[in-house]
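Visitor: Here's a sequence, model it:
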Amino acid sequence: SGIGIPETLSQVSGIPIPDTSTEMKHTLWQIVDLLVNRSGAIYQIALRNTAQELVPNYTKTMTVQIKISLDEQLLQQVDTAAQETKISRNQLFILAVEEFLKLSENERLLIAINHVYENNPPTEEDQAYLEAMRRHYSKMLKQEDW
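Guide: Next up, the predicted model:
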């Protein structure tokens with residue numbers, strides 16, 4: 001007998017598959033979340049849709065319905081993008097918010113890193129190393145076929 005999807009997902013993620021059906025559903029969602037976080041936006045939708053097919057009528061988290069107002073032109077652009085990527089408008093908004101939050105977190109991290117460097121400027125040794133690396137990579141880039 002061949003290996004099934006849950007067992008394969010368990011091997012990829014390293015998360016063991018439990019015995020009971022309820023625990024199985026929860027574990028599958030943990031595995032899907034792990035894989036989703038390692039993938040790009042379009043693949044995230046595909047993984048979530050696949051997970052919904054594997055575990056029908058199972059919702060990982062509570063969802064809340066909200067109401068937003070958009071400029072008509074922006075809404076048309078949203079609908080076009082959703083159609084082109086073959087995802088729902090709702091999924092497109094979810095992806096957009098998730099991406100915005102990731103970018104915001106990255107921005108906060110960058111500000112924190114810059115703050116550390118402002119308060120602890122590079123030493124002369126650090127400066128020499130950085131300059132040597134700039135020369136090395138500049139030379140490598142010049143050799144690349146663009």
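Visitor: Which parts of this protein are helices?
Guide: Secondary structure of the chain (DSSP state H): helices at 5-13, 21-37, 41-54, 72-85, 89-119, 124-143.
Visitor: count of neighbours near residue 87?
Guide: Neighbour count of residue 87, defined by other Cβ atoms under 10 Å: 19. Where you see a C-beta, it was placed from the backbone N, CA and C, and this is true even at glycine.
Visitor: ugh, typo on my part, it should be residue 69
Guide: Residues lying near residue 69 (other Cβ under 10 Å) number 5.
Visitor: what pLDDT does it get?
Guide: With respect to pLDDT, residue 69 scores 94.
Visitor: got it, and the one 3 residues further on?
Guide: Reading off the per-residue confidence, residue 72 sits at a pLDDT of 96.
Visitor: Distance-wise, check it relative to residue 100.
Guide: 22 Å (Cβ to Cβ, to the nearest Å).
Visitor: More neighbours: which of these two?
Guide: More crowded of residue 72 and residue 100, by other Cβ under 10 Å: residue 100, with 10 against 7.
Visitor: can you list the weak-confidence ranges in this structure?
Guide: Residues of the chain meeting the criterion pLDDT under 70: 1-62, 146.
Visitor: again, only this time at 90
Guide: Where the chain drops to pLDDT under 90, the residues are 1-66, 85-88, 91, 94-95, 98, 102-123, 126-127, 130, 137-146.
Visitor: Dump stretch 135-146 to CSV, restricted to CA.
Guide: Output of stretch 135-146 as CSV, limited to C-alpha atoms (Å, rounded to 0.1, in the frame of the first residue of the first chain):
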residue,chain,number,x,y,z
ARG,A,135,35.3,45.2,-3.9
HIS,A,136,34.9,41.4,-4.2
TYR,A,137,31.2,41.5,-5.1
SER,A,138,31.6,44.4,-7.4
LYS,A,139,34.3,42.4,-9.3
MET,A,140,32.0,39.4,-9.4
LEU,A,141,29.1,41.4,-10.7
LYS,A,142,31.2,42.9,-13.5
GLN,A,143,32.0,39.3,-14.6
GLU,A,144,28.3,38.3,-14.8
ASP,A,145,26.5,38.3,-18.1
TRP,A,146,23.6,40.6,-17.8
